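Student: 3D model of this:
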Amino acid sequence: KLVIMKKFIVLAAAFLIFSSHDMFLKMGTYFLQPNTPSTIKLFNGTFDKSENVIDRSRMNDVRLIGNGIESNPDSSQWSEMNDITILNFTTGESGTWVAGVSTNPSNIELSAEDFNAYLVHDGVLDMLSWREENNALDQSAVEKYSKHVKTIFQVGEKTTDDWQTVLGYPIEFVPLANPYALHAGDKLQVKLLRDGAPLVDQ
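Tutor: Coordinates of the predicted model:
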């Protein structure tokens with residue numbers, strides 16, 4: 001029973017580490033009416049469940065862009081509900097809009113076993129290979145991480161070019177076509193930027 005309990009604790013700890021790693025901007029609908037009160041939910045965990053709210057002091061950048069106009073919502077526009085952080089805003093004129101959130105770096109200490117498992121789980125295999133080649137698999141690690149997310153949504157009927165705005169985050173996906181000009185069966189291509197330059201072989 002003791003062995004089973006230890007395995008359960010390790011699995012539970014690994015679940016907490018991995019499930020709280022990702023951040024998402026999520027909306028009930030991505031088709032909104034112009035000049036209407038709306039919300040965007042910030043999930044920290046998985047796309048289906050947020051494990052905890054994001055403190056306002058961790059937010060380095062919050063932006064809404066529509067019709068070439070950029071705004072920076074302040075802390076008074078955020079609220080919380082059931083571990084979900086919620087941005088309250090009012091849409092503007094009809095167009096294809098972009099919302100982005102970027103957080104300040106944080107540190108997390110991981111044992112060698114947890115860090116190696118994390119690298120496998122998240123597919124960071126180049127770092128895992130480096131640890132193998134440098135006999136570092138048994139060394140604990142301090143991970144410095146930040147999170148950068150965005151979502152694209154449609155307000156009204158008119159599409160605009162705001163979808164291609166580069167927010168300048170350290171890592172960022174940028175569509176090569178307006179997602180709201182595509183149809184069923186079309187493919188959406190994106191480019192991946194790191195510090196503003198294309199990131200290859202990922």
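Student: what about Glu109, distance to Val142?
Tutor: To Val142, Glu109 is 5 Å away according to Cβ to Cβ, to the nearest Å. Glycine gets a C-beta too; all of them are placed from N, C-alpha and C.
Student: Repeat that for Val120.
Tutor: Here the criterion is Cβ to Cβ. By it, Val120 lies 19 Å from Val142.
Student: One more: Asn88?
Tutor: For Asn88, the distance to Val142 equals 36 Å [Cβ to Cβ].
Student: Least confident secondary structure element in this protein?
Tutor: helix 2-19 (a mean of 41; mean pLDDT, DSSP states H and E).
Student: Tell me the helix or strand right after that one.
Tutor: strand 22-26 (DSSP states H and E).
Student: Return the residues in contact with Tyr30.
Tutor: Thr151, Ile152, Phe153, Gln154 (Cβ atoms under 8 Å, 6 or more residues apart in numbering).
Student: Which residue ranges of the chain form helices?
Tutor: 2-19, 112-122, 125-133 (DSSP state H).
Student: May I ask you to confirm that Asp138 is in contact with Ala112?
Tutor: Yes - counting by Cβ atoms under 8 Å, Ala112 is a contact partner of Asp138 at 5.0 Å.
Student: more crowded one of the two?
Tutor: Set Asp138 next to Ala112 and count neighbours by other Cβ atoms under 10 Å: Ala112 wins out with 14 against 10.
Student: Give me the distance between the more buried one and Arg131.
Tutor: Applying Cβ to Cβ, the value for Ala112 to Arg131 is 9 Å.
Student: What of Gly168?
Tutor: Gly168 is 31 Å from Arg131, by Cβ to Cβ.
Student: Over to Glu143?
Tutor: Counting by Cβ to Cβ, the separation of Glu143 from Arg131 is 13 Å.
Student: Which one of those two is surrounded by more residues?
Tutor: For Glu143 and Arg131, the more surrounded residue by other Cβ under 10 Å is Arg131, and the numbers stand at 18 against 15.
Student: How about the more buried one: what's its closest non-neighbour residue?
Tutor: Spatial nearest neighbour of Arg131, chain neighbours left out: Leu137 (5.2 Å); criterion: Cβ to Cβ, 6 or more residues apart in numbering.
Student: Good, wrapping up.
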